[in-house]
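Undergrad: Let me see the structure of the following:
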Amino acid sequence: MRALPAAPWLRVAPAVLVMAWGGNHFTPLLGLYRDLGPYSVLSVDLFLGTYVLGLVPGLLIGGPLSDRHGRKPVAVTGVLLGILASIVLGLFYHQEVLMCAGRLLAGFGVGIGMAVGTSWIKELSGVAYDPAADATAGARRPSLALTLGFGLGAGASGSLAQWGPAPALTPYILHIALSLLALIPLVRAPETVARGRQGTTLRQDLRVPLAGHRRFRRVVVPAAPWVFATAGVAYAVIPMLESGKLGDLQLGYATLLTVLTLGAGALIQPFVARIDRATGGRALLVGMGAMLLGLGIAAVNAHYLSLVAGAAGALMLGVSYGIALVSGLVEIQRIATGRDLAGLTGVYYSLSYSGFLLPVLLAGLAGMASYTVLLGGVLLLCLACLGLVAGGLRRTALP
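TA: Numbering: from 1, shown residues only. Okay, the predicted model is just below:
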């Protein structure tokens, strides 16, 4: 008996997973670089910020490029840029400028691939390619591929750095090998966009008119930065605060919190559709409510520094991340269709990833106030944004 062919979206999912892997496997290594560099806390957090500086333009240009040239060549480019970034980061970890350059490359590659890969999976989850897919598959599947990539990459790299040989090199060798393997099914995935737009320039294609959509401005924009801001608190800020109590197990604890955060985010995602139905389309508010609880735990624990409480805060922030990420993608897919989808998805991820600058900002302000005070201020800002989202949902109902 012949095996049934895999659904087309499964040929793209491994590439999205390895691109997310390449973007986040660096995170649990922050403590390693503080020891090996040696780099200051601000310098190490700057590597996260540099990643965002590459990610945002990659996200914004990736969608329009794939609308013009097709999803496949742009996604392949994203994977190849991730490989190049891992080569630079693995070989030049003693040179701060080259580390920033490697993170910039990683961000640009992930940005290109994510905006395109998530839109591509969404299209391959439509009736024409996958009749068995349900209504939320187009948002759930790419989000799950991303979250698994973020979590597995962090877990594998952190474990190799803590207990494996050549801790500053081996994690990147693994990512390169997996990326090369992911290219094999990717090049065989069906293209969903006809190449070449007639009568338009790339500059015109880069415009995303739906970014001015009333619901996008009032619901998605206030919530988006908190998706990765709170995740950054979970696996960058909390482990850094606990580092003085961990000795040689700093990398292990950072890896645990990263996997715990993203694992919780992955596990909650299949339930987001049910949450959305139960709350009348307000799952985003549930996600932001969970953020407030997680931030509250993190703020209090910044004073007491309990390893268990730190893990509990990361777990809650992971749940909030998973709900908010999928809910945001569902909102995007309610607003955009066809040619506008990749561009608006890129704008959404750009806003979301801007939250990764939060650990850098907190590190810069740490000399002025304690992390308990700073995280308390972050909690109040998140509460204000929740109020904006709630008001936007009331005023911009969609059919």
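
Undergrad: C-alpha from now on. contacts and neighbour counts both.
TA: Fine.

Undergrad: Contact partners for the closest residue to L249 other than its chain neighbours?
TA: Ranked by C-alpha to C-alpha, 6 or more residues apart in numbering and with sequence neighbours excluded, the top spatial neighbour of L249 is Q162, at 7.6 Å. Taking C-alpha atoms under 8 Å, 6 or more residues apart in numbering as the criterion, Q162 is in contact with 249, 251-252.

Undergrad: when you check those residues against the helices, which ones overlap?
TA: The helices, defined by DSSP state H, take in 251-252 from these.

Undergrad: Return the members of the contacts of Q162 classed as buried.
TA: 251-252 (16 or more other C-alpha atoms under 10 Å).

Undergrad: mind putting the contacts of Q162 in a markdown table, distance to A15 and pLDDT included?
TA: Listed next are those as a markdown table, based on distance: C-alpha to C-alpha, whole Å; pLDDT from 0 to 100:
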| residue | distance to A15 | pLDDT |
| --- | --- | --- |
| L249 | 32 | 75 |
| L251 | 27 | 77 |
| G252 | 27 | 81 |
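
Undergrad: from the contacts of Q162, which is closest to R68?
TA: Nearest to R68 among the contacts of Q162 is L251, at 43.0 Å by C-alpha to C-alpha.

Undergrad: Mind pulling up the pLDDT for the residue nearest to the closest one when sequence neighbours are not counted?
TA: Ranked by C-alpha to C-alpha, 6+ apart and with sequence neighbours excluded, the top spatial neighbour of L251 is Q162, at 5.7 Å. Q162 carries a pLDDT value of 80.

Undergrad: please begin residue numbering at 16 from this point
TA: Sure thing, new numbering starts at 16, so read that last one as Q177.

Undergrad: buried ones in stretch 370-382?
TA: So stretch 370-382, judged by 16+ other C-alpha under 10 Å, has buried residues 370-375, 377-378.

Undergrad: To clarify, my last question referred to stretch 280-287.
TA: Buried, per 16+ other C-alpha under 10 Å, within stretch 280-287: 280-285, 287.

Undergrad: So which of those is the closest to M331?
TA: G280 (9.1 Å).

Undergrad: How about the secondary structure of the residue nearest to the closest one when sequence neighbours are not counted?
TA: Spatial nearest neighbour of G280, excluding adjacent residues (C-alpha to C-alpha, 6+ apart): G337 at 3.8 Å. Per DSSP: H, G, I helix; E, B strand; the rest coil, the local secondary structure of G337 is helix.

Undergrad: right, and G337 touches T276 too?
TA: No: G337 is not in contact with T276 according to C-alpha atoms under 8 Å; the separation is 9.1 Å.

Undergrad: who's more crowded, the two?
TA: Ranked by neighbour count (other C-alpha atoms under 10 Å), G337 and T276 place T276 first, with 31 against 28.

Undergrad: quick one, what contacts that one?
TA: By C-alpha under 8 Å, 6+ apart, the contact set of T276 is 166, 246, 249-250, 329-334.

Undergrad: Now render the buried residues of stretch 370-382 as JSON lines, adding pLDDT and secondary structure.
TA: Listed next are the buried residues of stretch 370-382 as JSON lines, based on pLDDT from 0 to 100; DSSP: H, G, I helix; E, B strand; the rest coil:
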{"residue": "G370", "pLDDT": "86", "secondary structure": "helix"}
{"residue": "F371", "pLDDT": "79", "secondary structure": "helix"}
{"residue": "L372", "pLDDT": "81", "secondary structure": "helix"}
{"residue": "L373", "pLDDT": "88", "secondary structure": "helix"}
{"residue": "P374", "pLDDT": "83", "secondary structure": "helix"}
{"residue": "V375", "pLDDT": "79", "secondary structure": "helix"}
{"residue": "L377", "pLDDT": "89", "secondary structure": "helix"}
{"residue": "A378", "pLDDT": "82", "secondary structure": "helix"}
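
Undergrad: following the lowest-mean-pLDDT helix or strand in the chain, which helix or strand comes up?
TA: None of the helices or strands of the chain scores lower by mean pLDDT, DSSP states H and E than helix 217-220, at a mean of 65. Once the chain leaves helix 217-220, the next helix or strand it forms, by DSSP states H and E, is helix 229-230.

Undergrad: related to what we said a few turns ago, tell me which of the contacts of T276 is nearest to L389?
TA: Checking the contacts of T276 one by one against L389 (C-alpha to C-alpha), the nearest turns out to be A249, at 14.5 Å.

Undergrad: quick one: the closest one from W241, how far?
TA: 12 Å (C-alpha to C-alpha, to the nearest Å).
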